[in-house]
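Enquirer: Everything below, folded, please.
(one chain, ligands or ions: 1)
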Amino acid sequence: MEQPYLESVDHCTVCGGGDWLPHLVAKDHTLSQELFPLTRCAQCGFCCTNPRPGPPHIGRYYDSPHYISHTNAARGLQNKLYQWARRRAIHGKHRLIARYRSNGKVLDVGCGTGEFLRHLKSRGYLTMGVEPNLGAREQAIAGHSLEVFPRLEDIPAAEQFQIATFWHVLEHLHDPRFALKQVYARMAKGGLLLIAVPDRESWDADHYQSTWAAYDVPRHLSHFRRQDLQRVLIEHGFELVSIRPMWFDAPYVAMLSERYRGSGPLGALLRGLFIGAVSNLASLITWRPTSSTLYVAKKA
Ligand SMILES: [Zn+2]
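Expert: Model (predicted):
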């Protein structure tokens with residue numbers, strides 16, 4: 001049956017082509033249990049969720065309590081691991097930024113409830129965020145006294161940023177090219193851009209196929225590979241500084257994928273850690289990217 005809230009993707013985000021081939025069909029395990037096809041561009045190979053819920057309809061696919069609950073011991077352990085990994089990730093992001101710049105104004109696109117910005121603020125950076133979700137935005141503003149706007153277009157034109165970050169955000173946007181254009185316009189020359197996205201060429205993506213948790217349909221709309229993002233960044237006036245592995249994503253994504261395949265909490269934890277380790281090992285010894293890839297670029 002035709003679903004009226006779904007829209008087809010006319011043009012490829014990467015090359016502008018309009019011919020799509022079927023790629024795979026993934027399920028929304030987190031919320032709706034609906035199936036969404038991924039299509040692959042016949043010209044360049046870029047993959048996207050297609051058809052997808054249009055901008056007015058995507059909100060309800062985010063309307064879910066967090067996957068990890070606190071109800072039993074195994075989940076408690078999983079939750080503790082998750083919290084530990086999150087704290088570690090925030091410190092890791094700060095250390096990475098500090099290598100390039102120890103001060104300046106940071107724009108975090110998709111800042112959520114603002115924990116990363118709060119940490120940077122405590123380290124002396126000036127901060128600003130963009131977050132479309134009202135609840136998260138209000139929490140960032142009230143809880144951490146941050147300045148947060150609902151959309152990139154709402155940021156005053158006079159603002160200039162030395163650092164801009166998209167931590168697992170670009171894959172959620174209906175128009176990533178528009179976002180990059182907006183950010184470019186607000187960045188200082190030589191400004192640093194950091195983008196983290198899942199990488200569908202990772203070993204764990206191959207292993208889990210359509211149950212790979214980082215397909216996360218229909219919230220993830222673009223499924224980038226290295227060549228896709230490199231091309232888009234260069235076209236938008238950015239110069240690539242480095243492409244970095246992200247070691248902590250594989251075990252987390254593998255644990256979720258195991259849950260989607262029916263494992264219980266403890267089984268998913270153990271198998272997830274194992275598969276995550278195998279995926280990371282594959283990245284260490286072969287060309288394969290890690291489960292997610294981090295791009296460091298600068299405004300040329
Ligand atoms: Zn294409």
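Enquirer: now for the longest strand seen in the chain, which elements pack on it?
Expert: Scanning the chain for the longest strand, with DSSP state E as the assignment, gives strand 187-198. Other elements packing on strand 187-198 under the criterion 3 or more Cβ pairs under 8 Å, 6 or more residues apart in numbering; DSSP states H and E are helix 73-100, strand 161-167, helix 226-235, strand 238-246, strand 292-299. Yep, even glycine has a C-beta here, placed from its N, CA and C like the rest.
Enquirer: Tell me which residues are up against the third one.
Expert: With Cβ atoms under 8 Å, 6 or more residues apart in numbering as the test, helix 226-235 has contacts from 13-15, 44-46, 170, 176-177, 180, 193, 195, 197, 199, 201, 222, 240, 243, 289, 293, 295, 297.
Enquirer: near the ion at all, it?
Expert: No - if you take Cβ under 5 Å from the ion as the test, helix 226-235 misses the ion, and the best it gets is 8.2 Å.
Enquirer: Which other helices and strands does the worst-scoring helix or strand of the chain on mean pLDDT contact?
Expert: Sorting the helices and strands of the chain by mean pLDDT, DSSP states H and E puts helix 73-100 at the bottom, at a mean of 82. Where contact means 3+ Cβ pairs under 8 Å, 6+ apart, helix 73-100 is packed against helix 115-122, strand 161-167, strand 187-198, helix 249-260, helix 265-285, strand 292-299.
Enquirer: Going by neighbour count, which residues of that helix are buried?
Expert: 75, 78, 81, 82, 89, 90, 93, 96, 97, 100 (16 or more other Cβ atoms under 10 Å).
Enquirer: pretty sure residue 192 is touching residue 125, no?
Expert: No - using Cβ atoms under 8 Å as the test, residue 192 is too far from residue 125 to be in contact (11.8 Å).
Enquirer: neighbour count winner among those two?
Expert: Neighbours per residue (other Cβ atoms under 10 Å) separate residue 192 from residue 125, with residue 192 holding more: 24 against 20.
Enquirer: and the more buried one, what does it touch?
Expert: 97, 100, 101, 162, 163, 164, 241, 296, 297, 298.
Enquirer: rerun at 7 Å
Expert: By Cβ atoms under 7 Å, 6 or more residues apart in numbering, the residues touching residue 192 are 100, 101, 162, 163, 298.
Enquirer: now do residue 222
Expert: Per Cβ under 7 Å, 6+ apart, neighbours of residue 222: 13, 48, 170, 171, 176.
Enquirer: what number of residues lie near the first one?
Expert: Burial of residue 13, expressed as a neighbour count using other Cβ under 10 Å, amounts to 23.
Enquirer: Surely it and residue 176 touch.
Expert: Yes - using Cβ atoms under 7 Å, residue 13 is in contact with residue 176, at 5.9 Å.
Enquirer: re the thing from before, for the ion, find the nearest of the helices and strands packed on helix 73-100.
Expert: strand 187-198 (16.5 Å; Cβ to the ion).
Enquirer: which residue does the stretch 151-300 of the chain bring closest to the ion?
Expert: For the stretch 151-300 of the chain, Cβ to the ion, closest residue to the ion: residue 228, 8.2 Å.
Enquirer: Next, find the distance separating that residue from residue 126.
Expert: According to Cβ to Cβ, to the nearest Å, residue 228 stands 32 Å off from residue 126.
Enquirer: Between these two, which is the more surrounded one?
Expert: The neighbour comparison of residue 228 against residue 126 (other Cβ under 10 Å) goes to residue 228, with 24 against 16.
Enquirer: near the ion, from the contacts of helix 226-235?
Expert: When contact is defined as Cβ under 5 Å from the ion, those meet the ion at 14, 15, 44, 46.
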